[in-house]
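> predicted model and sequence follow; I will ask about them next.
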Amino acid sequence: MAADGSVAANRADFYRRIGAIEMAPLWEVLHKLVAKAPVTRAVSHVWRYDEVRPFILESGGIISAAEAERRVLILENPALRGTSQAVDTLYAGLQLILPGEIAPSHRHTPSALRFIVEGDGAYTSVNGERVTMATGDFVITPSWTWHDHGNDSNQPMVWLDGIDIPIVHFTATSFAEPYPEPQFPANTPAGYTRARYGTNMRPVGDSYSAPTSPIFSYPYEESREALETMRRTQYLDPCLAIKMEYINPLTGGPAMPTMSTFLQLLPRGFRTAPYRSTEHTVYSVVEGSGRLVAGEDSDARSLPWGPRDHFAVPGWVQHRLEADDDAVLFSFSDRTMQQKLGLWREWRGSA
Ligand code: GTQ
């Protein structure tokens, strides 16, 4: 019993004594631990490409790709500075590779995606098979596969790296190692994986089974054409317009185990109904301009975006999208991970 016998002093004394043997009282933290609704410090934010691009190009004179290993400017959520997080569960960065450079081969347990923002003619090699990369292409480097990047073109290339690093850190399951040479031997003819899995066929007797799609390149031209046909023939979802998910052709499920990836078309003048879901999302604008309206009622903020801009929408933030022109948005989120854990929820408002 504390000297003055008061309840507060009594408790403080009790907490101190249990603290000495590494214990703590639940009742002081219960409602923070078991929150009524998602709590995140992350905020909605747009990185404007006209502000970002000069610094990306300048980074080319600050360090070489070889020395940096990956010459990337991380997109850090303004409320999560110092954490390398764009949103709670996802890392995002913009990588620059100049003509003639090689970003040396390595592998790691985090799964990575590339979405090409600018340029045409660089390549990524995944376990020795090269895919070329052009603006709007979506490329995967699955967990624990050797990958290097190179640029044989005569222009700088910039792409978005989307990686599940915060998820891997949370589970403390990060492993990484460099390949002993700058490049993994080019041991597989270009187009090999596309031939095996990319034509709605697979080799008889094939036993590929991995949590990531065997297809690791999804060219923009094909995905864009699908959206165009869909928008002419299909009802537009009030909250999403036309939103397609990149899939693993062997399962019909998401292309990667931890991250879901999407390409979305908002027709000119389309304004979505208010929406929220628990997934944390990062967008890369391919075509068109418009705005993200994030927050509720008088707290709502209007954040304009245009081609090559990137924006973050944290989970459970009510938002809508408005398109001034036909707009095409790439996005990635942790939706599939949340769904696997039975945690994902959405809410749809009316227009
Ligand atoms: O290209 O492998 O932005 O390992 C961060 C870590 C890119 C990559 C990043 C990486 C990579």
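Looks like it came in fine.
> what's around the residue lying closest to Leu113 once chain neighbours are set aside, how many residues?
Nearest in space to Leu113, with sequence neighbours left out and distances taken as CB to CB, 6 or more residues apart in numbering, is Gly162 at 4.4 Å. Placement of C-beta: from N, CA and C, glycine included. The tally of other residues near Gly162 (other CB atoms under 10 Å) stands at 28.
> how about the one 10 residues further on?
When counting by other CB under 10 Å, one arrives at 6 neighbours for Ala172.
> can you check Met259 too?
25.
> try Leu90
If you count neighbours by other CB under 10 Å, Leu90 ends up with 26.
> my read: Pro274 touches Gly349, true?
Yes - between Pro274 and Gly349 there is a contact at 3.3 Å, judged by CB atoms under 8 Å.
> in terms of neighbours, single out the busier of those two.
Using other CB under 10 Å, the more surrounded residue of Pro274 and Gly349 is Pro274, with 17 against 14.
> before we move on, back to that, tell me, what's touching Pro274 and Gly349 both at once?
Shared contacts of Pro274 and Gly349 (CB atoms under 8 Å, 6 or more residues apart in numbering): Cys239, Gln318.
> quick check: mean pLDDT across stretch 308-323?
Averaging pLDDT along stretch 308-323 yields 98.
> quick one: is it near the ligand?
No - Stretch 308-323 stays clear of the ligand (CB under 6 Å from any ligand atom), getting no nearer than 13.2 Å.
> and that stretch, how far apart are its ends?
This stretch, stretch 308-323, spans 15 Å end to end (CA to CA, to the nearest Å).
> dump the residue contacts of Ile56.
Leu73, Leu94, Leu96, Val158.
> where do the strands sit along the stretch 201-350 of the chain?
217-218, 242-245, 260-266, 275-277, 281-287, 290-294, 301-305, 310-313, 319-323, 327-333, 346-348 (DSSP state E, counting those that start in this stretch).
> ok and the residue in the stretch 201-350 of the chain nearest the ligand?
Minimum separation of the stretch 201-350 of the chain from the ligand (CB to the nearest ligand atom) falls at Val282, amounting to 12.6 Å.
> in this protein, where is pLDDT below threshold?
1-4 (pLDDT under 70).
> which residues of it lie near the ligand?
Within the chain, the positions adjacent to the ligand are Arg70, Val72, Gly93, Gln95, His108, Ala112, His147, Asp161, Ile163 by CB under 6 Å from any ligand atom.
> ok so, going back, and the strand or helix carrying the residue nearest to Leu113, C-alpha only, in CSV?
Using DSSP states H and E, Gly162 maps to strand 157-163. C-alpha atoms of strand 157-163 as CSV (Å, rounded to 0.1, in the frame of the first residue of the first chain):
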residue,chain,number,x,y,z
MET,A,157,14.6,5.2,-66.6
VAL,A,158,12.6,5.8,-63.5
TRP,A,159,10.3,3.3,-61.9
LEU,A,160,8.3,2.8,-58.8
ASP,A,161,9.5,0.2,-56.4
GLY,A,162,6.7,-1.2,-54.3
ILE,A,163,7.9,-3.6,-51.6
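> picking that back up, save the contacts of Ile56 as JSON lines, and put in distance to Thr251 too.
Formatted as JSON lines, the contacts of Ile56 follow (distance: CB to CB, whole Å):
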{"residue": "Leu73", "distance to Thr251": "34"}
{"residue": "Leu94", "distance to Thr251": "30"}
{"residue": "Leu96", "distance to Thr251": "34"}
{"residue": "Val158", "distance to Thr251": "31"}
